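Visitor: predicted structure and sequence below. I'll ask about it afterward.
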Amino acid sequence: MFRVRDKTIKVEAPAKINLYLDVLEKRFDGYHEVKMVMQTVSLCDRLTISVDKSLEDVQLEVINADIPENDDNLIIKSIRLLQEYYQIPPLKIVVDKEIPVAAGLAGGSSDAAATIWGIAELLELQIKQEQLAYLASEIGSDVPFCLLGGTSLAEGRGEKLTNASTLPQCYILLVKPPFGVSTGQVYKAVNPTDEADSRADKIISALSKGSLYKVIENMYNKMENVVFGWHPELLDLTKRLLDFGALTVRMSGSGPTIFGVFESYLDAYNVKKSLLKEMPEHEIFLTTPRDKGVGKEH
Ligand SMILES: C[C@@](CO)(OP(=O)(O)O)[C@H](O)COP(=O)(O)OP(=O)(O)OC[C@H]1O[C@@H](n2ccc(N)nc2=O)[C@H](O)[C@@H]1O
Ligand SMILES: Nc1ncnc2c1ncn2[C@@H]1O[C@H](COP(=O)(O)OP(=O)(O)O)[C@@H](O)[C@H]1O
């Protein structure tokens, strides 16, 4: 029998940005070694997970996005994986998508992490942290980070995490153009770096000293070359954000989301307003750094 404390749990699944992303050699398993500095931000999808004994199987409802509600969804994939190890009763899941899809913000990965964490909490499965991290890595390279959240150095294929200090207080404007990019295609097109440089380590050290400027000086994304080549308008967007006074502008992950960093809330707010007028087809979010990954909604 299931000992269910609450019948429902509401879980936040936050987006991430990459403060640094380098792609190193291609491995025999087809993945690439990476060196990344990842930062969770305040933009969240929201999952409601309920035990529903009237159902025969899992049922997923997606609000606010055109993505599959079947086994192709990372939420259902995560449940199928949990079912291999644990007895899972019929569940109804509703996901309210705020994070744009195929945007380089790990929306799907964070939903997967929120599903694994949320079900473990709801059903009191007592899963050890290492087992949670293992299950997460089986779903995708970014899922272990989404589970842990905050700020991390990520190595291996992205699953080897070392905790770092959170990015100092700042305002991060995410600008998502009206098209998506396939992560797999970007990895295929990128020319791996021979030897990692020291910028990621400099970022980690700057984070520990709370120096936003030193972090910004060392930010980098190897994938920009490839994706800006496919979509030259991303370079114009970058220049526009710099004209508007962003301290720095980078692409997040495999893109196409571009983010600008601001020290003042009012500056970021005004830039958001101006950009929305100039490019109404873009999605724009004003976010802040968040110091944790998936967790209970308050
Ligand atoms: C690029 C990054 C940067 O944070 O994020 P996104 O831009 O997707 O958010 C990640 O590395 C994306 O991680 P994730 O989205 O979990 O990727 P996976 O599902 O594991 O893999 C998707 C595809 O990318 C390739 N891939 C992924 C990770 C990696 N280290 N090397 C790879 O070559 C895989 O071969 C696969 O074809
Ligand atoms: N729960 C989910 N949320 C978003 N995308 C999902 C989800 N499940 C499966 N996908 C699929 O995963 C792909 C990448 O989605 P996403 O995680 O949003 O992008 P990215 O890896 O660029 O951050 C999309 O093609 C989408 O259809």
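Guide: Arrived safely. Ligands and ions are numbered 1, 2, ... in the order given.

Visitor: tell me which parts of this protein are close to ligand 1?
Guide: Within reach of ligand 1 by Cβ under 6 Å from any ligand atom, the chain has these residues: 18, 21, 30-32, 34, 36, 104, 106, 109, 140-142, 157-158, 183-184, 187, 253-254. To be clear about C-beta, it is placed using only N, CA and C from the backbone, and glycine gets the same treatment.

Visitor: how about 5 Å then?
Guide: Taking Cβ under 5 Å from any ligand atom as the measure of proximity, the chain contacts ligand 1 at 30-32, 34, 104, 106, 109, 140-142, 157-158, 183-184, 187, 253-254.

Visitor: list buried residues within these.
Guide: Those of the residues of the chain next to ligand 1 that meet the buried threshold are 32, 34, 104, 106, 109, 140-142, 157-158, 183, 187, 253-254, by 16 or more other Cβ atoms under 10 Å.

Visitor: just these: which are in strands?
Guide: Judged by DSSP state E, these include 32, 34 as members of strands.

Visitor: dump the buried ones among the residues of the chain next to ligand 1 into TSV; add distance to N221 and pLDDT as well.
Guide: Below are these laid out as TSV (distance: Cβ to Cβ, whole Å; pLDDT from 0 to 100):
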residue	distance to N221	pLDDT
H32	14	98
V34	11	98
G104	9	98
A106	14	98
S109	17	98
G140	19	98
S141	16	98
D142	15	98
R157	17	98
G158	14	98
T183	13	97
Y187	13	98
G253	8	98
S254	9	98
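
Visitor: near ligand 2, from the buried ones among the residues of the chain next to ligand 1?
Guide: 104, 106, 183.

Visitor: so where does V41 fall, helix or strand?
Guide: For V41, the host element (DSSP states H and E) is strand 32-51.

Visitor: next helix or strand past that strand?
Guide: The helix or strand immediately downstream of strand 32-51 is strand 59-63, counting by DSSP H and E.

Visitor: please consider this matter closed, and thank you.
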